[in-house]
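In: make a model of this:
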Amino acid sequence: MQNQMMTASAERETVPQRLYSGLKRLDRIPHDLIALVARLSIAAVFWQSGQTKVDGWHVTDNAVYLFQTEYRLPLIDPWIAAHIAAFSEHFFPFLLVIGFASRLSALALLGMTVVIEIFVYPDAWPTHGTWATCFLVIIAGGPGRIALDHLIAKRFTRSA
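Out: All right, here's what the predicted structure looks like:
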């Protein structure tokens, strides 16, 4: 009887109502999944970029050359900038993958993205906007439950 009533009410729904209820199901996508995908995908972008700057444990001459000739950041020596970038593009993505200090790591890489957008590739705003969106998901909503940050927070809130 109840199934018949539900079927009858579903049949009376208009097309916009059906569309709306179908779209409302998307609200069920858990933030944990969204944050995990954001963390892993943006970490891969920066890790791969960092890999182009190193040979083993050493920053390549080519990376320094790019900072001297193409990137030309103001106020910072190209050798230092190449080393900071190589370190940052390995360290912060690693932290994002394991979900440790996730919001701070995302904030650091968002800052790096802003510098790249303003000083290096100002026409690449669609790409940088996509990166920024991943970072903002993590900064605003946290890394989700599949992260060391969550385990640490859970332990501290349990003992408090």
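In: pull the number of nearby residues for Leu104.
Out: Neighbour count of Leu104, defined by other C-beta atoms under 10 Å: 14. C-betas here are computed from N, CA, C, even on glycine.
In: so how far is Ser49 from it?
Out: From Leu104 over to Ser49 the distance is 20 Å, taken as C-beta to C-beta, to the nearest Å.
In: Leu109 now?
Out: In terms of C-beta to C-beta, Leu109 sits 10 Å off from Ser49.
In: neighbour-wise, which of those two wins?
Out: Leu109 (26 against 17).
In: so that one makes contact with Ala85?
Out: No: using C-beta atoms under 8 Å, Leu109 makes no contact with Ala85, being 11.0 Å away.
In: ok, residues contacting stretch 76-87?
Out: 50, 53-54, 59, 63-64, 66-68, 71-73, 112 (C-beta atoms under 8 Å, 6 or more residues apart in numbering).
In: export those to JSON lines and tack on pLDDT?
Out: Below are the contacts of stretch 76-87 laid out as JSON lines (pLDDT from 0 to 100):
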{"residue": "Gly50", "pLDDT": "98"}
{"residue": "Lys53", "pLDDT": "98"}
{"residue": "Val54", "pLDDT": "98"}
{"residue": "Val59", "pLDDT": "98"}
{"residue": "Ala63", "pLDDT": "98"}
{"residue": "Val64", "pLDDT": "98"}
{"residue": "Leu66", "pLDDT": "97"}
{"residue": "Phe67", "pLDDT": "98"}
{"residue": "Gln68", "pLDDT": "97"}
{"residue": "Tyr71", "pLDDT": "96"}
{"residue": "Arg72", "pLDDT": "94"}
{"residue": "Leu73", "pLDDT": "95"}
{"residue": "Met112", "pLDDT": "98"}
